[in-house]
Every structure is written in structure tokens, then in C-alpha cells.
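Chemist: Need the 3D shape of this:
(chains A and B)
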2 protein chains.
Amino acid sequence: MSEAAFLRARRPEHKQQRREAILAAARELALRSGVREVSLGGVAAAVGLAKSNLARYFATREEIYLELAAQEWHDWERAVLDRLAPSSGPGAVVDVLADTLAERPLFCDLLSHSSTQLEHNVTVEAARAFKLTAIGVTARLGRAVARVCPHFTEDEARELVGSAAALASLLYPAANPPPVLAELYASDPEIAVACLPFVPTIKRMLMALAAGLPTLR
Amino acid sequence: MSEAAFLRARRPEHKQQRREAILAAARELALRSGVREVSLGGVAAAVGLAKSNLARYFATREEIYLELAAQEWHDWERAVLDRLAPSSGPGAVVDVLADTLAERPLFCDLLSHSSTQLEHNVTVEAARAFKLTAIGVTARLGRAVARVCPHFTEDEARELVGSAAALASLLYPAANPPPVLAELYASDPEIAVACLPFVPTIKRMLMALAAGLPTLR
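Modeler: Residues are numbered from 1 along each chain as shown, chains lettered A, B, ... in the order given. Okay, the predicted model is just below:
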């Protein structure tokens, strides 16, 4: 959409279109270069808007990314619900959780920034909407997991789902290191060994939790 | 130390003194306002140096904080080794790991920033030194835990120790929210419930791992 079209649009559906164009541009930039490298100015440039005009829709880059993160939570929810088979064992549940996260690098990248970066510099309302999304998806997925896999109580299943997202947020930066660390891993086998692989590590930790949580009842 | 004294000092021991003064100032600032809020300019001002002079010792704030984080890893190692009693059960080991982390808010704060922030904007050498410290402490604590608690293999004990540090990095920001989130937690009980308490959550997750990891042999 041209800047002129952006400025002309006054009707609610046009405003919504502009928001979506901004979010799409931010998503594209984050996928290409990582959430960390994207600035509000970069998003404005990509969508063909002056930064001051973009500010009518999103006051900070963090508000853009909290909204993308909320979309990604919903997308992950759909994917997990699609793949959870009836009468699953804990291993099948763990595979679904880990594989759907591995297929969503933007979600993992956003998760890895959400507590230290994205939840700063946003309004209370934006933070509330994001938190309610994350809490709601985790609760619904917990119920769905407990339904197909009676090995878990609903609370344990919710803890497993929350742990999957938390592990993804921890392991994603390690598996996608900045240039300095990539150079280090390539040059120093002792350090490379300590760089945990994403899917096997998530699966092992979730399997340990799946076995261990019910022993704490 | 005055700026004049900083500039006069030429001998290696004086250079070391200056480095220590800079690290002490950065530590103080981070304890007061959080790692996230500390800038290189702020550290320079606190230590009474021009930013250009400080750059002779540390090129970026991230290099200062990687070095503080390395100090904190060693300090945590000493504390855990001091408290691990002979013939401990998994519960006693988990208590030592969780309690020593809870007593070290600066360590937890630094851990929570290390993968997304502190490992950027540093030299390969600074990153290597930091990684080797974290790997070394985790390995030595793993051996120490397996020695007092034969419930764990050495590998499992190392995973437990690494998980304790990882959980601290995840839970610390949640337990010490920025003002916007603190306001949200105070005003919205549904969201406050989802803000996990630091020590009980680390202990529960570590107990689940302690029970679950040996089942994966």
C-alpha cells in the first residue's frame, strides 16, 4: 500500500488493513534477520510509511512484536490441536509439542525475547492482551493434552505445554547464535559440544518432565 | 578513584585496579536498577571516567556484563559446593540449587539476558571466556552433585545443574516484572496467577526432572 493510500484511508476496515500491512512487514523482517535486529524505522521503511505515521498504529516496536507473538501463540495452538491423536502416550504428545515449535522459528524467536524485551516499552493494555493470549492457549492446550493422554492431570499437562514454550525460548537463541558465537562454535569443539541441539534437547527435557511430574502428586 | 588517577596509572596492577573499579560500579548499578537499564555511559559516570577512557577497558556494556556473569558463575559454584552435604537425596540437592540461585538476584538477572543480549556485541575472545566459565562450572557442579547423590549419573546431574540455571534465567524476569507488568499483576488476578513464584517453581520443575531423568536411561 502506498503512503498516500495509507493517509487517505479513514474507514475502520482501512485502518485494519494498514495494521495488517505493518504486521506483515514486521513479520517478514523478523523472519529474514531475527527479531532482535528489527527497528520501528525499519518496519516503517518496509511498509512505505513515515515513522510518525506508523506511530498511529503502533507506538513501539515491542507492541508490534507482542501482537505478532499473540498471532503465533494462536497458530501454534491450532497446529498442536490438529496433530494430537486420540489415545496418545506421553512420547507422542512430546513429539507433537517439540516438532510444532521447531517448525515455528519466528514464534521461538519472539518467545526468547518476550520476557526480557517485548514486555517492556508497551502499554498495560497491550501487555494484558498478550498475557491473556499466552495463558489462554496454554490452558486450552493443557486440557487437550490431558484429554488424549490420561497419563497427565490437566495441571500437569498445562505445565508440560508451558515448559515446551519456555524451553523453546531458551534453546532457540543457542541454536541460532549471533555471528560471534557461530564463529566460536566453528572454531572450538569444546564449546560447540555445549551448544544444545534444539529438537533433541526439548524432547529429552519434556520426556523427563512427563515421567517426573506425575511422581510429585 | 579519580579520573586523574585513572589516567596516570600505567602499571599492570593499576590497570587491573581500574578494571575492578569499573566492574564494581557496573555491579552496583545493575543491582540497583537491573541489568537492562545500565548503559556504558552510566557506568562511566559512576566510576568518574569519560566514556572514551572506559572504552580502553571494555569496548561495550555487554563485555562488562559477561565478565560480571562469569564472576557470578564462580560465586554460585562456591556456594553450592559449600552447601552440598554428603549422602544427599535429590530433594536436598534441589533445595541447594534453588536456594543459592534465589540468593543471587544479579546472577539471575545476568543469566536472563545472556543469550538474547550479552552474547551479542562482544568479541570472540570475551564470548569464549564466558562460555568456558559456564561450561566448566556446570561440569564441576554436575560431578559434585553425582558424588553426594548417587541417584544421578554425572550426565544427569550436569543436566540438573544446567536446568537450574536455565530456569533461573526464565523465572527471574517473571518474578521481577517491569512497571507495566507489575501494574497489570496488581490489577488483574487472572494474570497474576500465571506469574510463577521463583523458588517454588524452580523446585517443582527440578524435582520433576530429578525423578524423570533417570527413567530415560
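Chemist: Per-residue pLDDT of residue A:134, please?
Modeler: pLDDT recorded at residue A:134 is 95.
Chemist: okay but it is in contact with residue A:73, surely?
Modeler: Yes. Contact criterion C-beta atoms under 8 Å: residue A:134 and residue A:73 qualify, at 5.6 Å. Every C-beta, even on glycine, is put in place using the N, C-alpha and C of the backbone.
Chemist: who has more neighbours, these two?
Modeler: Neighbours were counted for residue A:134 and for residue A:73 using other C-beta atoms under 10 Å in any protein chain shown; residue A:73 has more, 21 against 18.
Chemist: contacting residues for that one?
Modeler: Residues counted as contacts of residue A:73 (C-beta atoms under 8 Å, 6 or more residues apart in numbering or on different chains) are A:107, A:133-134, A:137.
Chemist: Can you give me the distance of residue A:80 to residue A:30?
Modeler: Residue A:80 sits 22 Å away from residue A:30, going by C-beta to C-beta, to the nearest Å.
Chemist: Now do the buried residues in the host helix or strand of residue A:134.
Modeler: Take DSSP states H and E as the rule and residue A:134 turns out to sit in helix A:124-148. For helix A:124-148, burial by neighbour count (16 or more other C-beta atoms under 10 Å in any protein chain shown) applies to A:126-128, A:130-131, A:133-139, A:141-142, A:144-146, A:148.
Chemist: ditto for stretch A:11-28
Modeler: For stretch A:11-28, a neighbour-count test (16+ other C-beta under 10 Å) marks A:18, A:21-23, A:25-27 as buried.
Chemist: With stretch A:163-176 instead?
Modeler: A:163-175.
Chemist: Next step: these restricted to helices.
Modeler: Applying DSSP state H to these, the entries found in helices are A:163-175.
Chemist: Just give me the least confident of those.
Modeler: residue A:174 (81).
Chemist: Assign a three-state SS to the residue of chain A found nearest chain B, would you?
Modeler: For chain A and chain B, the shortest gap (C-beta to the nearest C-beta) falls at residue A:212, measuring 3.0 Å. Following DSSP: H, G, I helix; E, B strand; the rest coil, the label given to residue A:212 is helix.
Chemist: Return the distance of it relative to residue B:201.
Modeler: Applying C-beta to C-beta, the value for residue A:212 to residue B:201 is 14 Å.
Chemist: Could you check how many residues crowd around residue A:123?
Modeler: Neighbours of residue A:123 under the rule other C-beta under 10 Å: 14.
Chemist: I'd guessed it sits against residue A:62; true?
Modeler: No. Using C-beta under 8 Å, residue A:123 makes no contact with residue A:62, being 9.8 Å away.
Chemist: low pLDDT regions in chain A?
Modeler: Scanning chain A for pLDDT under 70 picks out A:1-10, A:116-119.
Chemist: With adjacent residues omitted, what lies nearest to the spatially most central residue of chain A?
Modeler: Centroid-nearest residue in chain A, with C-alpha atoms, centre = their mean: residue A:107, separated by 2.6 Å. Counting by C-beta to C-beta, 6 or more residues apart in numbering or on different chains, residue A:107 lies nearest to residue A:72, which is 3.8 Å off, once chain neighbours are set aside.
Chemist: got it, and residue A:43?
Modeler: residue A:26 (4.8 Å).
Chemist: List the contacts of the residue nearest to residue A:107.
Modeler: Residue A:72 makes contact with A:104, A:106-107, A:110, according to C-beta under 8 Å, 6+ apart.
Chemist: which SS state does the closest residue to residue A:173 other than its chain neighbours fall under?
Modeler: The shortest distance from residue A:173 to any non-neighbouring residue, by C-beta to C-beta, 6+ apart, is to residue B:115 (4.0 Å). Secondary structure assignment for residue B:115 (three-state DSSP): helix.
Chemist: Surely residue B:115 is in contact with residue A:112?
Modeler: Yes. Counting by C-beta under 8 Å, residue B:115 touches residue A:112, with 7.2 Å between them.
Chemist: what residues are shared contacts of the two?
Modeler: Joint contacts of residue B:115 and residue A:112 (C-beta under 8 Å, 6+ apart) are A:170, A:173.
Chemist: Residues in contact with the helix or strand where residue A:110 lies: which ones?
Modeler: Taking DSSP H and E as the definition, residue A:110 sits inside helix A:105-113. Contacts of helix A:105-113 with the rest of the structure, by C-beta under 8 Å, 6+ apart, involve A:27, A:30-31, A:34-36, A:65, A:68-69, A:72-73, A:75-76, A:101, A:118, A:165-166, A:168-173, A:176, B:115-116.
Chemist: That helix to helix A:124-148, inter-axis angle?
Modeler: Between helix A:105-113 and helix A:124-148, the angle comes out at 120 degrees (axes from the mean of the first three to the mean of the last three C-alpha atoms, to 10 degrees).
Chemist: For helix A:105-113, which residues meet the burial criterion?
Modeler: By 16+ other C-beta under 10 Å, the buried positions in helix A:105-113 come out as A:105-113.
Chemist: With stretch A:61-78 instead?
Modeler: A:61-70, A:72-73, A:76-77.
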